[in-house]
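**Student:** What follows is a protein structure lacking sequence information:
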């Protein structure tokens, strides 16, 4: 497989995404969203055993990296994994950036 030539913007995109994944709490949060689907923030506090302000901090980082999505229903926010973005992040495209050509 031929390596993909990437530009600075591509590298910045991946660096930001991987920074957001560099915390075990955020990885657990994403795993819970993957397992449960869309979850209310009030339920996430209980699931993650975190107060809302600390949870909001981690949710914002994942939202900014586009790894999760937010939907407001009434006065509550619901969160879900952005499966398309996660699939892109784990895709062969990234692997090809670092494979030597044969």
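**Tutor:** Now that the structure is in, tell me what you want to look at. On a predicted model such as this, the values are computed, not experimentally measured, just so you know. Numbers count the residues shown, from 1 in each chain.
**Student:** Now do the strands for this structure: every range, in order, please.
**Tutor:** For the chain, applying DSSP state E gives strands covering 39-40, 68-73, 76-81.
**Student:** ok, residues contacting the last one?
**Tutor:** Same thing as strand 76-81. If you take Cβ atoms under 8 Å, 6 or more residues apart in numbering as the criterion, strand 76-81 is touched by 30, 33-34, 37-42, 44, 59, 67-72. (Glycine included, C-beta is placed from N, CA and C.)
**Student:** What strands flank that strand, and is each parallel or antiparallel?
**Tutor:** strand 39-40 (antiparallel), strand 68-73 (antiparallel) (DSSP bridges).
**Student:** So what's the gap between the shortest one and the chain middle?
**Tutor:** When you say that, I think you mean strand 39-40. Taking Cα atoms, centre = their mean, to the nearest Å, one finds strand 39-40 lying 16 Å from the centre of the chain it belongs to.
**Student:** How about residues contacting that strand?
**Tutor:** Residues contacting strand 39-40 (Cβ under 8 Å, 6+ apart): 32-33, 47, 76-80.
**Student:** centroid residue for this structure?
**Tutor:** For the chain, residue 67 is the residue whose C-alpha lies nearest the centre (Cα atoms, centre = their mean; 2.7 Å).
**Student:** Quick check: which of the strands of the chain is nearest to residue 17?
**Tutor:** strand 68-73 (11.7 Å; Cβ to Cβ).
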